[in-house]
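S.K.: here are the coordinates; sequence isn't available:
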């Protein structure tokens, strides 16, 4: 029989058929629009994914703003720590000086070389300096706690940026997928050929992967002939073949034997014969052989259709 490649037309998305643009036996070219599926649901899906992407971008902007604010707080707190350290150093000097004055006045009061008021003033100055140093050290501890809190906040906002970035990538993939599915609502011809068995109507609900019709690539036909295994002794690839088609009984076609099947036809049967059990009856097997036409020499080859019956003569001499 004459064989040809047959390309099934199957949609990649489901939905209601909006428009069918081909009919049985119509010639189409690769890229032609075959049918259109209602795209309203998928268009809404694109809008939803784009809105989700916009939200993710907004969240990323907010996380970056929070991170910038946290870094500014760290800089500010660091400057505060430096200021307090300088104040503590000055307070320690004041404590040392007032302590020295107090000890000197304490010795002088014993000899009544100074008044009681001078002694009490030295004691008050010493106690005031010590109190000020204590206050500054407490403030430094508070600033350290604040620094740790700000650092934790900065780390948290940095993590938020990474999470927001990952979410954006996911949303971008969802948008791309939604747009791709939307483009699939226009079913295009993947090959050039002739449409056969259109089995779809406008308004019909179809599913992804459902076979709607076929495109027969009739510009490239060949013959598969089943020869008996007893005929293969002198057959070789490259031998000339004469093909006689029932549709054109007065016109022989020139062809060439191009390949042999790797197994007999019975090996590909639904239930292959098992000769290892029961009584064995020898049956002559047939092996499929591929024969290609010399299209350059015969324009009538394009009129041969898949499924037509032919007989072949292989020139073994």
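M.R.: Perfect, thanks for sending it. This structure is a prediction, so every number in the text was calculated from the model and none was measured.
S.K.: what residue ranges in the chain score low on pLDDT?
M.R.: 68-80, 148-158, 267-268, 270-281 (pLDDT under 70).
S.K.: which parts of it are strands?
M.R.: Remark: strands assigned in the chain by DSSP state E are 2-9, 15-20, 27-28, 33-37, 186-188, 193-196, 205-206, 213-228, 240-245, 252-260, 286-293, 310-314.
S.K.: can you give me the buried ones in the last one?
M.R.: Within strand 310-314, the residues scored as buried using 16 or more other CB atoms under 10 Å are 310, 312, 314. Quick note: C-beta positions are derived from backbone N, CA and C, even for glycine.
S.K.: what is that strand packed up against?
M.R.: Using 3 or more CB pairs under 8 Å, 6 or more residues apart in numbering; DSSP states H and E as the contact definition, the elements that strand 310-314 packs against are strand 213-228, strand 240-245.
S.K.: including distance to residue 38 and mean neighbour count, could those strands go into TSV?
M.R.: Listed next are the helices and strands packed on strand 310-314 as TSV, based on distance: least, CB to CB, whole Å; neighbours: other CB atoms under 10 Å:
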stretch	distance to residue 38	mean neighbour count
strand 213-228	19	18
strand 240-245	45	18
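S.K.: in a markdown table, list those along with distance to residue 21.
M.R.: Below are the helices and strands packed on strand 310-314 laid out as a markdown table (distance: least, CB to CB, whole Å):
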| stretch | distance to residue 21 |
| --- | --- |
| strand 213-228 | 12 |
| strand 240-245 | 33 |
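S.K.: looking at the ones you listed, which is closest to residue 294?
M.R.: strand 240-245 (9.1 Å; CB to CB).
S.K.: partners of the closest one, with directions?
M.R.: The pairing partners recorded for strand 240-245 under DSSP bridges are strand 252-260 (antiparallel), strand 310-314 (antiparallel).
S.K.: show residues contacting it.
M.R.: 2, 223, 251-257, 291, 293, 304, 308-315 (CB atoms under 8 Å, 6 or more residues apart in numbering).
S.K.: tell me the angle it makes with strand 286-293.
M.R.: For strand 240-245 against strand 286-293, the angle by axes from the mean of the first three to the mean of the last three CA atoms, to 10 degrees is 90 degrees.
S.K.: sorry, back to before: make a markdown table out of the strands paired with strand 240-245 and add distance to residue 31.
M.R.: Below are the strands paired with strand 240-245 laid out as a markdown table (distance: least, CB to CB, whole Å):
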| stretch | distance to residue 31 |
| --- | --- |
| strand 252-260 | 30 |
| strand 310-314 | 33 |
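S.K.: how close does the residue positioned nearest the centre of the chain sit to residue 179?
M.R.: With distances taken as CA atoms, centre = their mean, residue 173 lies nearest the centre of the chain, 6.2 Å away. Computed as CB to CB, to the nearest Å, the residue 173 to residue 179 distance reads 11 Å.
S.K.: how about the strands of the chain in TSV, adding distance to residue 161?
M.R.: Formatted as TSV, the strands of the chain follow (distance: least, CB to CB, whole Å):
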stretch	distance to residue 161
strand 2-9	47
strand 15-20	39
strand 27-28	51
strand 33-37	40
strand 186-188	39
strand 193-196	54
strand 205-206	45
strand 213-228	51
strand 240-245	71
strand 252-260	61
strand 286-293	62
strand 310-314	71
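S.K.: do I have it right that residue 95 meets residue 126?
M.R.: Yes - with contact defined as CB atoms under 8 Å, residue 95 reaches residue 126; the gap is 7.4 Å.
S.K.: in stretch 83-92, which of the residues would be classed as buried?
M.R.: Result for stretch 83-92 [16+ other CB under 10 Å]: buried residues 84, 87-88, 91.
S.K.: equivalent analysis for stretch 185-203, please.
M.R.: 185-187, 189, 191-196, 198, 200.
S.K.: just to revisit the earlier point, which one of the helices and strands packed on strand 310-314 lies closest to residue 40?
M.R.: The nearest among the helices and strands packed on strand 310-314, by CB to CB, is strand 213-228 at 24.4 Å.
S.K.: for that closest one, which strands pair with it and how are they oriented?
M.R.: Going by DSSP bridges, the partners of strand 213-228 are strand 2-9 (antiparallel), strand 193-196 (antiparallel), strand 286-293 (antiparallel).
S.K.: what pairs with the nearest residue to residue 298 once chain neighbours are set aside across the strands?
M.R.: With sequence-adjacent residues excluded and distances taken as CB to CB, 6 or more residues apart in numbering, residue 298 is closest to residue 253, at 5.9 Å. Residue 253 has these beta-bridge partners by DSSP bridges: residue 243.
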